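Asker: Predicted structure and sequence below. I'll ask about it afterward.
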Amino acid sequence: MEGEGAMKKTVTIYTTTTCAYCEMVKKFLTGKGVPFSVVNMDHEPSEVRQKVIEMSGAMTVPVVVVEDPEDESIPKNITVGWNPAKLTAAVQGLA
């Protein structure tokens, strides 16, 4: 059935407490009706921070990860920073 795969995708925002761009991403996704979870890097152990750096290739936030946790063969869509065009494409069909 078309669109069925999109329902399994999850959106995670890796953020910090003082990140203004992170707040913009949250408002943007909320405005589009896209559900997401937030991982505040200020409260995570260094292993989690290192995993996000390796996954994104960046030492900055926000890092938005759209993935299908049930199918690891589907590549993750990773957006670093405030990039509305890339975020729109990444979450298309998830609202």
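Answerer: Nice, I can see it.
Asker: How about the secondary structure of residue 39?
Answerer: Secondary structure, DSSP: H, G, I helix; E, B strand; the rest coil: residue 39 is strand.
Asker: who's it bridged to?
Answerer: Legend: beta-bridge partners of residue 39 under DSSP bridges are residue 14.
Asker: Equivalent analysis for residue 80, please.
Answerer: With DSSP bridges as the rule, residue 80 is bridged to residue 63.
Asker: and it, how far is that from residue 73?
Answerer: As judged by Cβ to Cβ, to the nearest Å, residue 80 and residue 73 stand 23 Å apart. From N, CA and C alone the C-beta is placed, and that goes for glycine too.
Asker: Please say which of those two ends up with more neighbours.
Answerer: In this view residue 80 and residue 73 are compared by other Cβ atoms under 10 Å, and residue 80 has more residues nearby, 19 against 5.
Asker: all helices for the protein, in order.
Answerer: Assigned by DSSP state H, the helices in the chain fall at 20-31, 46-56, 84-90.
Asker: Can you lay out these as TSV showing mean neighbour count and distance to residue 13?
Answerer: Listed next are the helices of the chain as TSV, based on neighbours: other Cβ atoms under 10 Å; distance: least, Cβ to Cβ, whole Å:
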stretch	mean neighbour count	distance to residue 13
helix 20-31	15	6
helix 46-56	13	11
helix 84-90	15	10
